[in-house]
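*Asks:* What follows is a predicted protein model with its sequence.
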Amino acid sequence: FVSMETREMTLINQGLEDEMEVWGYRPCLWKMILVGVGAVCSGGLLLLLLYWLPEWGVKATCTLSSLREAHTLLLRTTVRLDKVRTLSVCRLGLEDTKVSCADIHRDHSYGLTTTIRDHRALFFGKNEIDVQVPSLFRLFIKEVLNPFYIFQLFAIVLWAVQGYFHYSLSVLFFSLILIAASLYSIRKQYAILHNLVVAHSMMRVSVCRRSKDVEQVMSTELVPGDVITIPANGMIMPCDAVLIRGTCIVNESMLTGESVPVTKTSLPSSGDDAERIYSTEEHKRHTLFCGSHVIQSRYYAGKLVKVVVVRTGFCTEKGQLVRSILYPKPTNFKLHRDATQFLMCMVVLAVLGFFYAIVVDVILGVSVEAVIYDALNITLIAVPPIIPVALTAGLMHAQRRMKRLGIFCISPQRINISGQLNLVCFDKTGTLTEDCLDLWGVQRAENATKCFLAPDTEISTETSFAACMATCHSLITIEGKLCGDPLDVKVFGATGSVRSTECLHVKVCFSSQESFGIVRQFPFSPALQRMSVVVRQLGQNHFDAYLKGAPETVSNLCKPHTVPQNFKETLETYTRQGFRVIALAHHRLDSELPWLQVQSLSRYTNMDLLGLIIMQNKIKEQTAGVLLDLRQANIRTLMVTGDNMLTAISVARDCGMIRGHEKVIIADAVPPNDQNPATITWRYSENPVLKSNQTTKINFGLHSEEEPGYHFAVSGQAFNVITEHFPHLVPKFLLRATVFARMTPDQKTQLVQALQSLDYTVGMCGDGANDCGALKKAHSGVSLSDLEASVASPFTSSIPNISCITNLIRQGRAALVTTFCVFKFMSLFSLILFCGVILLYTVTTLKSFDFPIATDLSTALFCCTVSLNPAWKKLSRRTPPTSLMSIPVLSSIIFQMLNCLLFQIFTFFLVQQQSWYRTPQEIHCNDSRFSDTCGLNKTEAGALYIITNYENTSLFYVSAFQYLIVAIVFAKGKPFRQPSYKNCKTVCKAKRLLSPSNMLLSFVCSHFHISLRMTSLFQFFFFGYQIAFCLHSACSLSILRFLNN
């Protein structure tokens, strides 16, 4: 945490990803007075600016100070700046004191005195994750102060002052609907989070004091160091706590998305493991996390199961997850940066139009008030305020379509990123393959002959092999049903055993009446790739230790003379066929070892190898088809698994990730030792034995379909060695690596980060807790879970297969293309209006702005409905655009703008060549032929405003069609979206734009008071322009086709 130093700035989390600079500030009276004066003089605009820029607000009202005296802290990172009002930085707890496991047992297992507890309560505060649901009024004020709505409010006031009450009220009504929808969504999210944490925020717990008393207190009063007891029937954890006595069965689905209960054991109190510094990450299997559901707990002799509180409130694991939802880390998406640059270009154009309007009005002698109105109106035309609304509507429609496909999203900003995925990592078991494994057979080791016996499907219950299968697991019984890892369930069921829970231990009984009691469990550790148990056969006076895990790991823990000589050959035989192989081992403990000492034992070595369990893991039915679709779409796929290397390669070939004619090269890396440096050995998976002088040249670039490709396969250990000792090889290696085996959860996360550093847009698909880190780190992580939403990843799929990946990419591409469509359409919409107004300023000052605002509302509705186009049915090899500032995108906008401008200029001069044409000045003079058209022309303050003219109405007709043409040209369909004619709402909007009776003629007659005689003339022009519409559209589509090619 931040120490109370006298410096103005310090670093926290130094060297980590979330490293931050902390600056201290205290209020300054004279600065606050100056800001107050400036706010009064600017009409409150200065306060609004400081609200939008909090860093400026702090520096404008405060002065630098030491952290000890600071009232306000500025936390500066590379991506954002946060303002806080407290000197306690999160992640405070018992873990931050760097105590060892043995110290926790010795110094913190007896509870706190009342005095120490009161002091810690002052420092740590209440143990609560306070997610308050803000009032509607507070949310409304915060939403209205958004720059977009301030800009809208300015436009509404400006139009209302000029007398356009009907349009101002329409825009105000439309904005209020958007605000109401936004408030509903935000308040609903707060309510969901509030309900998520309220389950454990207020409960009574039993706390052990150092005086050996046990008292009932509210969970909000807990502090780090408190010792609480876990009832036998379980509870929902109100804090992060480390288990120091007993065993607990815990459901952590809320945190990890994994619905299989896990077993938590007590923290080691002796041995080498006890001397390690306690860490919630390293000692996860001993830690009960806040929000997890303790299903049941047990200990011997009726004693209490105890845990020591290590973190409280927002510092807990659940608190950090809730905080990440409330304040998500900004996504560094290129589209967002391009959008800002694009809008700045539009602002520059607005500034040019602003000064152009001023110059024209000054030349024509217009009043100052009119100059201001004209300049501000043309600024509103150039900068389209509806863009944020249209983009938000697009994401909302995409999120709703994904929900119908069974994909739930907690981070809508990542939907667009999903459309750019070009690499997807898959876990194997439960993701590419079925969760359920079938027991193919067993192969026992014969110590006398140092070889394996023949494979067998029958399991004798009178052997240590069967005892290991029946006892070495983490299964539990809930309401009479056996629950746990599917592999453990299958292996346990093959022995015909019956499991029951008694007060002292878990009892396992064979049909032959042999019974074993499980007295100590070491749950499976992905990092260690093994698990073990200590059992006692009823009627015997000694304990037995059984071990189960990865064959390579187990063989290293066994006595050499018990490992068959053909161990590696036998293992490779099964793994090459895609079987999953589990090794079993046994060790008989000293008969004089007391029961209490068994509870403090560490994991064992010097085991006797018992044999192998061969499991058949079937590939899911949808896997091969989805991987083929991804390959055809030029999206790279990788397998990241904790399973055996050869098993992973076999599955990769079977599912089509590696094609039959492609070769696999295994990279074996050895870390340095005292005498030898780190080395890498390359070998073919099909021919592991190579001559020492054999050399093969590998092309790291792209290869043709006819040329046999190469794929690298690497283990977790080799991956660590390569990244640490051969960093120059990492980029080339990752470009062709496909299979990553024996990977720990941390290594999966490191792999995702390494791929992202190569400019890959990475997706990750997994099904359990071991993938949480990689799921969060990937650009788009998808968790296969039954939960509707999980904080384990941005996306959660209720469909338990990888077809969700193609659906996610299809919907992401559709949303991304819609985003580009809206940007280009709105920019052309503004430019068409802008060019039309500029042309009209050459003949008259545009006092009436019916022309530019007549289609605003319809265009806004068009933008919000164009995103309703469904995604295309299949993935395309073509990829959607990734940058708004790219040459193809800018060229299409520029050429379309020139095309529209050319037709506007042509129309502008064509109408002046007609025999019936009269200049605006001639119309204004009381010419008897046009006496009925001069009603709106008037003089104010000596300046003449001429409204009725042929140019105005002609350009209106042209512009109405140009909006439709641009919408058609930019509404990209195949291969990313369905055709626009399938979007009924957009078709209706287009029909309204095309309807002369509903829009054009009624608008002209009602707003310009044009006689029937003049209307017939414009109708003649209208039908003439319909002929030109085909030519205009052909030009636009030809330009777009040329740019795409």
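*Replies:* On my side now, so go ahead. A quick note: this is a predicted structure, and the numbers were derived from the prediction, not measured.

*Asks:* Give me the number of neighbouring residues for the residue lying closest to Ala60 once chain neighbours are set aside.
*Replies:* With sequence-adjacent residues excluded and distances taken as Cβ to Cβ, 6 or more residues apart in numbering, Ala60 is closest to Val35, at 5.5 Å. Using the backbone N, CA and C atoms, a C-beta is placed for each residue, glycine as well. Val35 has 17 neighbours, counted by other Cβ atoms under 10 Å.

*Asks:* Any figure for the gap between Val35 and Ser185?
*Replies:* 34 Å (Cβ to Cβ, to the nearest Å).

*Asks:* And what about Val308, helix, strand or coil?
*Replies:* Under the three-state scheme (DSSP: H, G, I helix; E, B strand; the rest coil), Val308 adopts strand.

*Asks:* got a list of what it touches?
*Replies:* By Cβ atoms under 8 Å, 6 or more residues apart in numbering, the contact list for Val308 reads 94, 104, 108-109, 225-227, 241-242, 244.

*Asks:* 6 Å instead?
*Replies:* Applying Cβ atoms under 6 Å, 6 or more residues apart in numbering to Val308 gives the contacts 104, 108, 227, 242, 244.

*Asks:* do the same with Gly578
*Replies:* Neighbour list for Gly578: 650-651, 654 [criterion: Cβ under 6 Å, 6+ apart].

*Asks:* let's go with 8 Å and repeat that
*Replies:* 616-617, 647, 650-651, 654.

*Asks:* picking up where we left off before, check which helices and strands whichever helix or strand the residue nearest to Ala60 is part of sits against.
*Replies:* For Val35, the host element (DSSP states H and E) is helix 29-41. Applying 3 or more Cβ pairs under 8 Å, 6 or more residues apart in numbering; DSSP states H and E, one finds that helix 29-41 makes contact with helix 45-52, helix 54-61.

*Asks:* how about those in TSV, adding mean neighbour count?
*Replies:* Formatted as TSV, those follow (neighbours: other Cβ atoms under 10 Å):
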stretch	mean neighbour count
helix 45-52	15
helix 54-61	16
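
*Asks:* Now render the ones you listed as JSON lines, adding distance to Gln622.
*Replies:* Formatted as JSON lines, the helices and strands packed on helix 29-41 follow (distance: least, Cβ to Cβ, whole Å):
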{"stretch": "helix 45-52", "distance to Gln622": "48"}
{"stretch": "helix 54-61", "distance to Gln622": "48"}
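
*Asks:* Nearest approach to Leu884 belongs to which of those?
*Replies:* Comparing the helices and strands packed on helix 29-41 by their distance to Leu884 (Cβ to Cβ), the top pick is helix 45-52, with 23.1 Å.

*Asks:* just the angle between the closest one and helix 54-61, please?
*Replies:* Interaxial angle of helix 45-52 relative to helix 54-61 (axes from the mean of the first three to the mean of the last three Cα atoms, to 10 degrees): 130 degrees.

*Asks:* counting contacts, what elements does helix 45-52 pack onto?
*Replies:* Using 3+ Cβ pairs under 8 Å, 6+ apart: helix 45-52 touches helix 29-41, helix 54-61.

*Asks:* what comes up buried for the first one?
*Replies:* Within helix 29-41, the residues that qualify as buried by neighbour count (16 or more other Cβ atoms under 10 Å) are 35, 39.

*Asks:* Touching that helix from outside, list them.
*Replies:* The contact list for helix 29-41 (Cβ under 8 Å, 6+ apart) reads 45-47, 50, 60-63.

*Asks:* Identify the residue with the minimum pLDDT among the residues you listed.
*Replies:* Among these, Leu45 carries the lowest pLDDT, at 83.

*Asks:* List the contacts of Pro677.
*Replies:* His725.

*Asks:* wait, is it part of a helix?
*Replies:* No. Read with three-state DSSP, Pro677 is coil and lies in no helix.

*Asks:* where's it relative to Leu183, distance?
*Replies:* Pro677 sits 63 Å away from Leu183, going by Cβ to Cβ.

*Asks:* Would you map the helices across the stretch 201-350 of the chain?
*Replies:* Secondary structure of the stretch 201-350 of the chain (DSSP state H, counting those that start in this stretch): helices at 253-256, 317-326, 334-363.

*Asks:* Next: the stretch 851-1000 of the chain.
*Replies:* Counting by DSSP H, counting those that start in this stretch, the helices of the stretch 851-1000 of the chain are 856-865, 887-912, 920-924, 950-970, 984-994.

*Asks:* By mean pLDDT, show me the worst of those helices.
*Replies:* Among these, helix 984-994 scores lowest, at a mean of 51.

*Asks:* outside of stretch 46-58, which residues touch it?
*Replies:* 25, 35, 38-39, 60-61, 72, 74, 81, 83, 145, 147, 150.

*Asks:* quick check, nearest of those to Leu352?
*Replies:* Using Cβ to Cβ, those come closest to Leu352 at Pro147, 21.6 Å.

*Asks:* residues touching the closest one, list them.
*Replies:* Trp52 are the contacts of Pro147 under Cβ under 8 Å, 6+ apart.

*Asks:* per-residue confidence for it?
*Replies:* 78.

*Asks:* what does Leu34 give?
*Replies:* So, for Leu34, pLDDT stands at 91.

*Asks:* now do Arg631
*Replies:* Taking Arg631 on its own, its pLDDT is 91.

*Asks:* And it, which helix or strand is it part of?
*Replies:* Secondary-structure element containing Arg631, defined by DSSP H and E: helix 623-632.

*Asks:* Give me the residues contacting the helix or strand that comes right after that helix.
*Replies:* Following helix 623-632 in sequence order, the next helix or strand is strand 636-640 (DSSP H and E). Applying Cβ under 8 Å, 6+ apart, the external contacts of strand 636-640 come out as 422-428, 432, 627, 630-631, 648, 651-652, 657, 737-740, 743, 748, 751, 760, 774.

*Asks:* How far off centre is strand 636-640?
*Replies:* Chain-centre distance of strand 636-640: 19 Å, with Cα atoms, centre = their mean, to the nearest Å.

*Asks:* tell me which element the residue nearest to Arg209 when sequence neighbours are not counted falls in.
*Replies:* Leaving aside its chain neighbours, Arg209 sits nearest to Gly111 (4.7 Å; criterion: Cβ to Cβ, 6+ apart). Using DSSP H and E, Gly111 sits within no helix or strand.

*Asks:* which ones are touching Gly111?
*Replies:* 207-210, 225-227.
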